[in-house]
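J.: take this sequence and fold it.
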Amino acid sequence: MTPEQLLAAISGHLDPGNGSPLIGFARDLADLHATLLSSRLNRRHQSAGSSPVDVHEQVIAVVGEINSWAVFHLPRPNGARRHTHSFGEVISHVAETYASAWWTVRHSDNEQLRHDAWFHLAEVREGYADLLADIHARRVELPLGWRGLRPQP
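T.: A predicted model of the protein is given here:
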């Protein structure tokens, strides 16, 4: 998925029923990260039945789905340099950055802060574009991912 497609998927401008399952996964991650951001910034905003721990578990599950997809759809070259994050973790990071940037743009009166948030999202987008180029040129091998330690309520 190109950087443009990823941002369109995250923002809800691509139909998850048409094309790659990554579209739905990216959108799900954006919604989950927006929920986590809201609960971090306003403890009273927590939705009924979805604690931050539950939402974090859902993020881990979606990241795992992306990593499972990546095993069958992305090259795994031998001898290439290794990346520090799985493909699911990278997409989750882009989605989290998007959620934070949009929250800042919508809720901050500080023009410099809004600019910095937008600039950071652009940097993350460019990093994702560079990673895709390295993946397709077989210059990088992504780890398979690890579901890690589970948060406790």
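
J.: how about A80, what does it touch?
T.: R138, R139, V140, E141 (C-beta atoms under 8 Å, 6 or more residues apart in numbering). C-beta here means a position set from N, CA and C on the backbone, and glycine is covered the same way.

J.: give me the PyMOL select line for the residues you listed, limited to the buried ones.
T.: In PyMOL syntax, the buried subset of these is picked out as below (16 or more other C-beta atoms under 10 Å):
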select buried, resi 140+141
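
J.: mind putting the contacts of A80 into JSON lines with pLDDT?
T.: Shown next, in JSON lines, are the contacts of A80 (pLDDT from 0 to 100):
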{"residue": "R138", "pLDDT": "96"}
{"residue": "R139", "pLDDT": "97"}
{"residue": "V140", "pLDDT": "97"}
{"residue": "E141", "pLDDT": "94"}
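
J.: element containing the residue most central in space within the chain?
T.: With distances taken as C-alpha atoms, centre = their mean, the residue of the chain nearest its centroid is S92 (2.0 Å). S92 belongs to helix 87-107 when elements are defined using DSSP states H and E.

J.: coming back round to it: R125: which of the contacts of A80 is nearest?
T.: Nearest to R125 among those, counting by C-beta to C-beta, is V140 at 17.6 Å.

J.: quick one on the thing from earlier: next step: the contacts of A80 restricted to strands.
T.: In strands, judged by DSSP state E, the following of these are found: V140, E141.

J.: any stretches of the chain with poor pLDDT?
T.: 43-49, 147-153 (pLDDT under 70).

J.: switch to 90 and redo it
T.: The chain contains residues with pLDDT under 90 at 14-20, 38-53, 76, 78, 144-153.
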